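>>> What follows is a predicted structure for the sequence shown.
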Amino acid sequence: MQKLLYAKRLGSAIPLAVLAVMVLFAMGVALLGLGLDSRTYSVRTASDITARCAADSGLAMALFEMNKKLQTMPWNDSTLPKATDVSLPYCDAVYSYEVSGELGGGYVITSLGESGHARRTVRATIELKGLFDNAVLTKANLIMKSGTLIDGYNSLDVLDTSSDADIATQNTSDSSIILNAGVVLNGDVRVGIGGNPETAVKDLGATIAGLKYAATEKEPLPEIAAPASLFYMGTAITAKGSTVTISPADSGTYTGIDLKTTGLPGVLTVSGGDVELHITGDIEVGQSCQIIVKEGASLTLYVDGDIHCRENSGINTENAAKQAETLKLYATGEDAQYFDIKASSEWIGTIYAPNADVTLYANGDAYGAIVANSFEFKAGGSYHYDRALKKVAVEDEGVRFVVKRWQEE
């Protein structure tokens, strides 16, 4: 009897064991499938991310090649940058890119990244950007005098009524920007990457129509060199108690500009068209002396030394449309420079001097844009940014291509 019961128990255990094995097998298969799916998903995700990185790399390289192409003049867009299956370092991904379009209608970069079976495409529209996207941009301090109105206008379009004008510094220190009492800014104020705008901007009773914020990237400040085509004249331009007139035929490289008063003021007049001067030394505008850019003319100065404007002197532009490009000053020295700029009435012009400390004093309003190491505005009037400076051409100084908008496809 006992043997019979034992046999029955033994017989019933076998199906249970088989059932348990089948359940465990099913669970194992399910877990194995789940692991395989997870592995496949992670591999696919990693490939997607790598392909996207490759596409972005192709976009960056195409933009680099377009800016490199800008260094060769005259501009020719009959052949635009293109590459196929370029390997991305340290992985098995490749990228291909192509630039299409033309100067009048704009350029588009299409970049394809591939990693394994993953393919990602990014497309970007690029545009030209010049040196003067801000009313004022400094590397260090920026000071605006009390009661200054900072706004914008467009010297090339009288129908453009926008008055936006932004000011910025790349500095993050406390009081990098000082806006004295009564300053009115019709735009934004920006401080350096990681800076605190509440401490970097010292607001002494100013009105800011826009935002105060910190930059997310550092704006490049390219070095500008005088054109090699400006022949060396071996002398300075001098006017001592007299008036000297120069025209486009006098463009060249001079050791300095020296204007002095000897009973009568020394005056340098620019007329007859576009004049370019490379000054290897200093510009001295003595007491009551003047540099005058006449209507219909323009003056571009590449200055290796300093600019000193003495009492009652000035650098003046006769331009009814207030076109800032009529007078362009570039600091091209290897060492730190100082520009002390005065105007006997209103100031019209641009200053690009990222390694120079600039002060500006005019008896009237100032029109244009300024890039400097530090800048202090001491003029008797207000400061107006010429937004026509945003419209640039491939032959302009310091111009570069930037991404205007992009999308992933």
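The structure has been received and is ready for your questions. Numbering: from 1, shown residues only.

>>> CA only for contacts and neighbour counts going forward, please
Noted.

>>> Could you list the domains of this protein?
1-130+392-409, 136-390 (automatic domain parsing).

>>> Just say which of these is most tucked in.
Among those, domain 136-390 has the highest mean neighbour count (mean count of other CA atoms under 10 Å), at a mean of 20.

>>> Can you give me the end-to-end span of that one?
13 Å (CA to CA, to the nearest Å).

>>> ok, now stretch 264-277?
For stretch 264-277, the end-to-end distance is 25 Å (CA to CA).

>>> neighbouring contacts of that stretch?
Stretch 264-277 is contacted from outside by 230, 239-254, 259-260, 286-302, using CA atoms under 8 Å, 6 or more residues apart in numbering.

>>> With adjacent residues omitted, what lies nearest to V399?
In this structure, V399 finds its nearest non-sequential neighbour in G130, 4.5 Å apart by CA to CA, 6 or more residues apart in numbering.

>>> for the one you found, what are its contacts?
Applying CA under 8 Å, 6+ apart, the residues contacting G130 are L389, K390, K391, V392, D396, E397, G398, V399, R400.

>>> and if you look at V358?
Listed by CA under 8 Å, 6+ apart, the contact partners of V358 are Y338, F339, D340, I341, A372, N373, S374, F375, E376.

>>> per-residue confidence at it?
Here the pLDDT value assigned to V358 is 98.

>>> For it, which three-state class applies?
Following DSSP: H, G, I helix; E, B strand; the rest coil, V358 is assigned to strand.

>>> try the one 3 residues further on
When classified by three-state DSSP, Y361 comes out as strand.

>>> And the pLDDT for it?
Per-residue confidence (pLDDT) for Y361: 94.

>>> Distance check, it against G381.
As defined by CA to CA, Y361 lies at a distance of 9 Å from G381.

>>> follow-up on the earlier one: among the domains of the chain, which gets the worst mean confidence?
domain 1-130+392-409 (a mean of 81).

>>> How far off centre is that domain?
Computed by CA atoms, centre = their mean, to the nearest Å, the separation of domain 1-130+392-409 from the middle of its chain amounts to 30 Å.

>>> same deal with stretch 303-310?
From the chain centre to the centre of stretch 303-310 is a distance of 26 Å (CA atoms, centre = their mean).

>>> how far away is the residue most central in space within the chain from A168?
By CA atoms, centre = their mean, the chain has its centre lying nearest to E219, at 4.4 Å. Noted for E219: a distance of 10 Å to A168, by CA to CA.

>>> swap in T110?
33 Å.

>>> What of I291?
30 Å.

>>> try L159
27 Å.

>>> Also V183?
Distance of V183 to A168, computed by CA to CA: 15 Å.

>>> swap in A46?
40 Å.

>>> How about K260?
37 Å.

>>> same question, S96
37 Å.

>>> what do you get for F64?
From F64 across to A168, the span is 26 Å (CA to CA).

>>> Please name the residues that touch G116.
Counting by CA under 8 Å, 6+ apart, G116 touches S47, D92, A93.

>>> let's see 7 Å
With contacts defined as CA atoms under 7 Å, 6 or more residues apart in numbering, G116 is in contact with S47.

>>> Dihedrals phi and psi, it?
phi 60, psi -130 (degrees, to the nearest 10).

>>> Please renumber the chain so that the first residue is 22 from this point on.
Let's use 22 as the start, then, which means that last one is G137.

>>> Roughly how far does it sit from A76?
14 Å.

>>> what's the answer for P95, then?
For P95 relative to A76 (CA to CA), the value is 30 Å.

>>> What are the contacting residues of the stretch of helix or strand Y323 belongs to?
Following DSSP states H and E, one finds Y323 within strand 319-324. Counting contacts by CA under 7 Å, 6+ apart, the residues outside strand 319-324 that touch it are 247, 294-301, 314, 347-354.

>>> Stretch 238-251 too?
Around stretch 238-251, the neighbours that count as contacts under CA under 7 Å, 6+ apart are I214, S272, G273, T274, H299, Y323, T353, P375, G419.

>>> contacting residues for the fourth one?
It stands for T274. Taking CA under 7 Å, 6+ apart, we find T274 in contact with L251, F252, Y253, M254, L298, H299, I300.

>>> Enumerate every residue touching the nearest residue to L232 once chain neighbours are set aside.
Nearest non-adjacent residue to L232, counting by CA to CA, 6+ apart: D209, 4.7 Å away. With contact taken as CA under 7 Å, 6+ apart, D209 is in contact with D187, I188, G231, L232, K233.
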